[in-house]
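[1] The following block contains a protein sequence and its predicted model.
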Amino acid sequence: MLENLLSAGTLTQILVGLSRTTILFIVSSGLSLILGVLRIPNIAHGSLYMIGAFSAYTVIQFLGGGTLAFWAAMVAGPLVVAALGFLLERGFFSYLYDREHLMLLLLTFSFTLILGDLVKILWGSEYRSITAPPIFRGSAEVFGLPIPQYNLFLLLVGPVIAVFLWLVINRTRIGKIARAAAVDSEMVSAVGIDVGWVFAFTFVLGCFLAGLGGALVAPIVSISLGMDHSLIMEAFLIVIIGGLGNIWGALLGSLIFGLTQSLGILVWPQFGIVFPYLAVVVVLVFRPKGLLRSAW
Amino acid sequence: MRRIGLFLGGVVLACVVAATGFAGDTIKVGIVDTYTGPVTTYTNDVRDGFQMAVDKINAKGGVLGKKIEVLLRDDTFKSDVGLTLAKELILQENVDILMGTINSATALAISDLAKKEKVPFLVTFSKSGKITGEKGHRYVFGMNENTDMIGRATATVLAKKPYARYWIAGDDYEYGHAIAESIFGNLKKLNPKVTLLGETWWKMRESDFTPYITQILAAKPDFVIVATGGGSMVNFQKAAQSTGFNKRVPFYQHTGIELSTLMPQGQNAPEGVFGTANYLFYYPDTKENKSFAEEFQKRFHRHPKSGAVYGYMAAQFLEKAYAKAGKIDKEKFIDALEGMTADSPIGTLEVRACDHQIVLPMYFGVTRKSPRYEFLVAGDILSVSGKDYMPSCEEIMKERAK
């Protein structure tokens, strides 16, 4: 079994695992951001991811396909979700920040049901599919084994998003305020800063990331109702093992999840699904509060 | 006060009269199925195919002078909910017949109830071989193919192919395991030279199959049996297309050539994928199939899929069986339906008397592009007729005796 790790397939598995990491990181960093700054355990994050995928599909259909339509969809899909996030934050969450977590949890849960039905009304229950633009179609070869070019593209996107988030959080004024608000929002408002808008910005950014994850994953999977379920569970596990609210923890968690999955499949294909969850258990046994410092 | 009492009494009386009156006027068919979530892409076809046939029957004046009334219930893919709804349909609505479900666990639970309450239950879509196999009984009927049948039909075709080293990959739940074991078990019997190189199992609703495919390719099998269902069908084919899997190693999927899998992918579905299906709206190219497909398309603005035929035929058999029974009676209905044949868009179908399983052809084909449609279709279609692959009545009885 373990000798499989020394085969030609290992490098392909690592690359494929890292491309999965990209999607997981983009989605879970958004979840973590909202959890850290706004203290909302947003179960509807998965639904927003699903809407990102469906929106990307609609944009591509509307523009008639092709490379340009693909790029437009990758931008417009997440923006649609961000706009929806803005409405949700201003319309509902902004009134409820001082409530208990349980209340917020219930509200986000109700949003998963409502948004799920909304998708069903707008897009129906048929499976949808989009394809990558011609330049990312087909596969490249690594030691005689194929790796889809789209996965290689995702490998480039991951670091770009990570750097972008780092810049927003550490180099912008609103990022700094958001970090301060995460520690003590009362103090931040006491010095005359409108915390409400900082919260709105953070929520919208988190939703944008969910939508981006959905749009980016759309060419790999079938876009369908229910695509939110398995992802939201994985994203929560990642956020928990990484440290609640710490987006670098989300990156670390995504790496662990993506790589144990792809390498686990290589080592023991019959039980490959077990490995990421085993890793979660191991982390929680030794670091119950997560790998990196939690914002909570 | 007395007046109000009298009035209320009158209302109650009217309700009772109305209720009993209605019960006698129509034939009530209760359908429990999943009408929320992704599987509706299959269940809506069963419902619409059934409704289309029922509307035609009712327009002619119904069966034995009675119209068919359809009661729909949504079990949201949960067995306990499905069972409760089936109970409600039997006890409160007094249905004459139960139908459904896409979830095998729900179907088996309702089947148990149907046996206890002595209500005929026509299973439409659940693929577990147990329904009419080891757990079969007088009140349950299988109106579509099951994992046993899929395995046998597929094995008869694969046994003639030159592949020796097989790999099995599938959804880690009952349907995936049942279908893979059935195919490989039967294949091994027909061609003892085949070997199993290895197996891969992923969780249900897995979305990204790329790491699984790259691993299978590294193992270099001759042929891969892919045992997936639902949304995984499309997901797997997309990953196969982007990795070039289909060009390196041939693979098979039940419903891999079906519309529900190929239409969402448009022109970008992988070519050369082997698959089986019970229904293709463009094959066989007969008058019956064409007129059925056109009628369905005209009414629902989409091509019919397998589910549409299951629903449509359930209604045909229902009409014929009541006409033969001569009265609306549950036991007489079952007696009439046993061994009954009916014409369908895919030829004459039979409901076997011994195990209540419908006998229908299985189409084995390979995906290819078509100049006529904006999606891939099945080519090189081999029609495996029911009698060539059905388990014999003796085998079924042996299973039930266990």
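    Right, received. Where do you want to start?
[2] give me every residue that touches the residue lying closest to A:Leu104 once chain neighbours are set aside.
    Distances taken as CB to CB, 6 or more residues apart in numbering or on different chains place A:Ile40 nearest to A:Leu104, at 5.1 Å, with adjacent residues excluded. For the C-beta atoms, the positions are set from N, CA and C on the backbone; glycine is no exception. By CB atoms under 8 Å, 6 or more residues apart in numbering or on different chains, the contact set of A:Ile40 is A:34, A:93, A:104, A:108, A:203.
[3] out of those residues, who has the most neighbours?
    The most crowded member of those, judged by other CB atoms under 10 Å in any protein chain shown, is A:Ile34 (29 neighbours).
[4] measure that residue to B:Ser232 for me?
    30 Å (CB to CB, to the nearest Å).
[5] So which residues of the stretch 51-200 of chain B form helices?
    For the stretch 51-200 of chain B, applying DSSP state H, counting those that start in this stretch gives helices covering B:79-91, B:104-117, B:147-158, B:174-190.
[6] try chain A
    Here chain A has its helices, by DSSP state H, at A:9-38, A:45-63, A:67-91, A:101-123, A:149-171, A:173-183, A:185-190, A:195-217, A:227-242, A:247-267, A:274-286.
[7] Any buried residues in the last one, and which?
    Okay, so that is helix A:274-286. A:275-277, A:279-280, A:283 (16 or more other CB atoms under 10 Å in any protein chain shown).
[8] Pull the contacting residues for the nearest residue to B:Ala218 once chain neighbours are set aside.
    The spatial neighbour of B:Ala218 that comes closest, neighbours along the chain excluded (CB to CB, 6+ apart), is A:Gly9 at 3.2 Å. Shown in contact with A:Gly9 (CB under 8 Å, 6+ apart): A:143, A:145, A:266, B:214-215, B:217-218.
[9] quick one: contacts for A:Leu145?
    Neighbour list for A:Leu145: A:8-9, A:12, B:214, B:217-218 [criterion: CB under 8 Å, 6+ apart].
[10] can you list those in TSV and add pLDDT and distance to B:Gly136?
    Formatted as TSV, these follow (pLDDT from 0 to 100; distance: CB to CB, whole Å):
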residue	pLDDT	distance to B:Gly136
A:Ala8	71	49
A:Gly9	81	45
A:Thr12	89	46
B:Thr214	91	42
B:Leu217	92	41
B:Ala218	89	43
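[11] Strands along the stretch 301-402 of chain B, start to end?
    Secondary structure of the stretch 301-402 of chain B by DSSP state E, counting those that start in this stretch: the strands cover B:341-344, B:347-351, B:358-359, B:362-368, B:377-384.
[12] I'd like these as CSV, with mean neighbour count, distance to B:Gly307 and mean pLDDT appended.
    Output for the strands of the stretch 301-402 of chain B, formatted as CSV (neighbours: other CB atoms under 10 Å in any protein chain shown; distance: least, CB to CB, whole Å; pLDDT from 0 to 100):
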stretch, mean neighbour count, distance to B:Gly307, mean pLDDT
strand B:341-344, 15, 14, 96
strand B:347-351, 18, 15, 96
strand B:358-359, 23, 14, 96
strand B:362-368, 21, 15, 96
strand B:377-384, 17, 17, 95
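[13] out of those, which comes closest to B:Asn144?
    Between B:Asn144 and the strands of the stretch 301-402 of chain B, the tightest spacing by CB to CB is seen for strand B:358-359, at 6.9 Å.
[14] Nearest to chain A among the helices of the stretch 51-200 of chain B would be which one?
    helix B:174-190 (11.2 Å; CB to the nearest CB).
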